[in-house]
Every structure is written in C-alpha cells, then in structure tokens.
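1. the following comprises the amino acid sequence and a computationally predicted model.
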Amino acid sequence: MKNATFVDWQTLEFSLVNILVEQGTSALKFIDIHDVDALRIKPEELDCTGKLVTRSFGVGHHHAYSALSRGMGAPQKRPQNFHEILKYVWWTLDKCLDNEIIESCALVTAIACAKAGSTFVIDHHASPLAVIGSLETIAKAFDKVGVSHLLCYEISDRDGAEIAWKGLRETEDYLSSRQGLVGLHASFTVSKETLGKAIALMKQLNSGIHIHVAEDAYDQELCIHEHGKRVIERLAEAGALDSSKTILGHCLHLDDNEKKIINESPCWVVQNCESNLNNNVGYFNGTGLGENIILGTDGMHSDMLQSAKAAFFVGQRHDSINYESAYRRFRNIHHYLHDNSYEGDSDNNLVVLDYDSPTPIYQDNFMGHFIFGINSGHVRDVISDGRIIVRDRKVITVDEDEVLKVSQEHARRLWNRMKEARFYD
Ligand SMILES: [Zn+2]
C-alpha cells in the first residue's frame, strides 16, 4: 500500500507510510519504498496516495437471513405490537427459507458488509424448517467473499421441541469444526429445559451465548410471569453470563439490578439502535452497563459507520454517549474478538478511504470527521486477512452482478412463499 496516510485505530495517530501486507500473517510492516525491489516476491501494489488507511470494521450483530426482505410486501395481518411484528414478518420469513435462499442471503450480506468496510461479521441465524447444515452454508458463502465470521443458530422453542432440538444439534455440529457461538432467540421463546441444554453446550464447547435481551418490554413481562424473575436474573442464574464470549443483544428494558449484573459480568452488550427505532420498542441507554458495548445492525443493513452515527445521534437524548464513546463502541468488536482469541480480525484487515474532506483532518479532530464526514461511500478498497477483497468499490472475490441476479430470483421465490404461508392466523 503505497503512500498511505495510515490512521492507527487506537491512538488515531496519522503517519505517511508504505505498508507491506501479507496474506495469512497478522503483522503490518511499514517499509521504505526502495526496499520493495529487494523483496523476494514482488508484491501487488495499491496506490494509496491521498487516501486514509485504517483498520477495517466489524458487525457486532447481524441477521444475514433477513437480506432478501428489502422491498417485500406487507404481511397479511397488520402487526399491532413487537410480538406480532415477529410473528407476521420475521417468523413467517424464516420458515420460508431453504438452503439455496440462505446461501444467497449470506453472499449478498457478505458483499454488502465488505463494501461498507467490514471484514468481520457476528451473525444470528434462524431457518426453522432448514436448520441442519444452515450455518455451514452461511460460513462457506462468507468465506467465498472473504469476510470472517462468528455464527450461531438461534435456538428456540417457538416452533416446538423438535426444532429446538435441531437447533442444539446444528450448534454442536457446527462448533465441532468452526468458531461460533451458542445462539438463543430470546428468553420469552426459550424453555427452562432448552436454556439449560444450551448453557451446558456453551460450557462443554467453551463458547458463549448470543441472545436477544429485553428488546421489548414483552420479554420481561413473560419472564416475570413464567419464571418469577427478570430476564437478566434468569440468564445469570442459568450461567449464560459467565462467559466473556456471551453477547446480549439490545438490552433496552432493564432495571438497575440487571444493569449491575451485566456490569459485573465479563459478557458483552450489542446495541442496534436503528432496529429499535424501526420496531418502536424503546431506546438504548448504556449508562450503568459498563464498557463492554459493541454495535450491530440487527440485519437492517451492513453499514457500521451508519450504525455508529445513529448510536451517537439517537443517544443525544436517550443515552450518555459522546464522540469518544461512539467510536469506542464502534471499535470494541476488535477487543471482543481479540480477548476471546477468535480468528479473522487481526492487523492485516484494512480499509482504504477515499475521503474528500473540505476541511483538514488530523489526529486531534478525527472524531468530528468520524461522526459528520466519513461514510461507507468513501470505502474504496478493503483488505481482509491480508487479501484484497474490494478493489475500486467492487468485490473481486465473487461475481457481484451474478450474485445479485440470483438473489433477485430467490427474493421473488421467497416472497411468493410468504404470501402463501399461513403459520399464524
Ligand atoms: Zn437481532
């Protein structure tokens, strides 16, 4: 990477450098341009003159399976609350997925993530009528594009005991050969038995839980009614919060004691404020939750710079967030992945930003540019695990146009299935 303006993602220090990036190794080398000739293998050159180069991004909570929902028609019944949004939209959609549609969803999601600068995705998957093998299908599609991943299947009793059992089996099978998490949908669709089995699996495989928590007040109401305790109390007592790999999604409707339990645990919270606005379920407030907060998109899109901006703006009224903490939450995924020894997110994951700023940019004013200027449209090239996967704004590992052509066909098929489906009346 020739003549790059390198921005250290931790110190925000700027330096004019030539960077030697090697595939498969994590270390970056800053080299003199004259030394290139002495290298044993002549490297492929990326001219970065006038461009910012920094660590690529990561998505803390995604749902690739929802990728083909964009533009689909309204559900047969108009949802009146969050539970009905789930039933009439998402739990209808996920039951219409088959292996081919799942593959298509994963390919278009990986492409969208890569083009928006993310080289790592933590995904939460559901396909109740196509459970077995679904995670490997997603993993292979992500691998093809060159986006690293931490996947899970969202185990749930909402479709009966057999599908809950398949979710557990799929998780165990997948985690025997791949890095991943033990996914649970949410407290209100997970029975005592299934929660116990999932946590036993988490401990047996030295993994963590990835679950939606108190996204809507309904999750708490049902938990108190059925288990006589609040969601975080239930999860903590069962052992879900013991792992530093555990990720709790949303965490909107928590009381002070629940926040304290999370704060004192090693687990992580993932914020998805645009999804919360869309579902009209409330506002995230990180006060009292501690420092372990990352950001996700919740399947709404694949653009983490947008998620960071949304967290900052929505948080002006509802959260204690400033430039620094917005940036910290945006970057915390690297700490989560590193501290838990996950692979695929080392120093040789980079973005080249073609950032045409009308004002000077430097270390001390970088945050202002991060919130108000830099967006995914500035991502020109992306390097994942030392390999170029996006060049001049185009994914080069797969044929983007072909993938989109196929996904449009699958989208039509999916929407037709959903029109005919009558899972909830
Ligand atoms: Zn989610």
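-> That came through fine.

2. okay, and for the protein, where does confidence drop off?
-> 425 (pLDDT under 70).

3. mind redoing it with 90?
-> 22-29, 31-43, 74-78, 420-425 (pLDDT under 90).

4. all helices of it, in order?
-> Using DSSP state H, the helices assigned to the chain run over residues 82-85, 91-93, 99-115, 134-145, 161-175, 192-204, 217-227, 231-238, 256-264, 273-279, 304-318, 323-339, 366-372, 400-420.

5. quick check: which of those helices is buried the most?
-> Most buried of the helices of the chain by mean neighbour count (mean count of other C-beta atoms under 10 Å) is helix 99-115; its value is a mean of 25. Bear in mind the C-beta positions are built from the backbone N, C-alpha and C, glycine included.

6. helices or strands up against that helix?
-> strand 57-62, strand 118-123, helix 134-145, strand 379-384, strand 387-391, strand 394-395, helix 400-420 (3 or more C-beta pairs under 8 Å, 6 or more residues apart in numbering; DSSP states H and E).

7. let's see 10 Å
-> strand 57-62, strand 118-123, helix 134-145, strand 148-150, strand 379-384, strand 387-391, strand 394-395, helix 400-420 (3 or more C-beta pairs under 10 Å, 6 or more residues apart in numbering; DSSP states H and E).

8. before we move on, the earlier item: and the helices of the chain: which comes nearest Leu52?
-> helix 366-372 (9.2 Å; C-beta to C-beta).

9. which other helices and strands contact the closest one?
-> strand 52-55, helix 304-318, helix 323-339.

10. quick one: the last one to strand 118-123, angle?
-> It refers to helix 323-339. Helix 323-339 and strand 118-123 are oriented at 70 degrees to each other (axes from the mean of the first three to the mean of the last three C-alpha atoms, to 10 degrees).

11. what's the burial count for the closest residue to Leu129 other than its chain neighbours?
-> Counting by C-beta to C-beta, 6 or more residues apart in numbering, Lys95 is the residue found nearest to Leu129 once chain neighbours are left out, at 5.2 Å. Counted with other C-beta atoms under 10 Å, the neighbours of Lys95 add up to 18.

12. so who does Lys95 touch?
-> Lys95 makes contact with Ala126, Ser127, Pro128, Leu129, Ala130, Asp159, Ile163, Arg417, Met418, Ala421, Phe423, according to C-beta atoms under 10 Å, 6 or more residues apart in numbering.

13. tabulate the helices of the chain in CSV, adding columns for distance to Glu13.
-> Shown next, in CSV, are the helices of the chain (distance: least, C-beta to C-beta, whole Å):
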stretch, distance to Glu13
helix 82-85, 44
helix 91-93, 45
helix 99-115, 26
helix 134-145, 31
helix 161-175, 39
helix 192-204, 39
helix 217-227, 43
helix 231-238, 39
helix 256-264, 31
helix 273-279, 30
helix 304-318, 20
helix 323-339, 14
helix 366-372, 10
helix 400-420, 35
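
14. ok, Leu414 to Ser302 distance?
-> Computed with C-beta to C-beta, to the nearest Å, the distance linking Leu414 and Ser302 is 19 Å.

15. can you check Arg78 too?
-> From Arg78 to Ser302 the distance is 28 Å (C-beta to C-beta).

16. quick one on the thing from earlier: what would the helices and strands packed on helix 366-372 look like in a markdown table with distance to Asp399?
-> Formatted as a markdown table, those follow (distance: least, C-beta to C-beta, whole Å):
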| stretch | distance to Asp399 |
| --- | --- |
| strand 52-55 | 27 |
| helix 304-318 | 25 |
| helix 323-339 | 29 |
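
17. ok so, going back, how about the helices and strands packed on helix 99-115, which one is nearest Tyr283?
-> Using C-beta to C-beta, those put strand 57-62 closest to Tyr283, at 16.7 Å.

18. partner strands of the closest one, with direction?
-> Strand 57-62 has these partner strands in its sheet, going by DSSP bridges: strand 118-123 (parallel).

19. from the chain's centroid, how far away is the strand it pairs with?
-> 5 Å (C-alpha atoms, centre = their mean, to the nearest Å).

20. surely Arg331 meets Gln10?
-> Yes. With contact defined as C-beta atoms under 10 Å, Arg331 counts as touching Gln10 (7.8 Å).

21. now for the two: what residues contact both?
-> Arg55.

22. so how far is Tyr65 from Cys273?
-> From Cys273 over to Tyr65 (counting by C-beta to C-beta), the distance is 21 Å.

23. sorry, wrong one. I was asking about Ala164.
-> Taking C-beta to C-beta, one finds Ala164 at 18 Å from Tyr65.

24. ok, now Thr5?
-> For Thr5, the distance to Tyr65 (C-beta to C-beta) stands at 38 Å.

25. neighbour count for the two, which is higher?
-> Counted by other C-beta under 10 Å, Thr5 and Tyr65 do not tie: Tyr65 has more neighbours, with 26 against 20.

26. test my guess that the more buried one contacts Asn99.
-> No. Using C-beta under 10 Å, Tyr65 is not in contact with Asn99; the gap is 11.8 Å.
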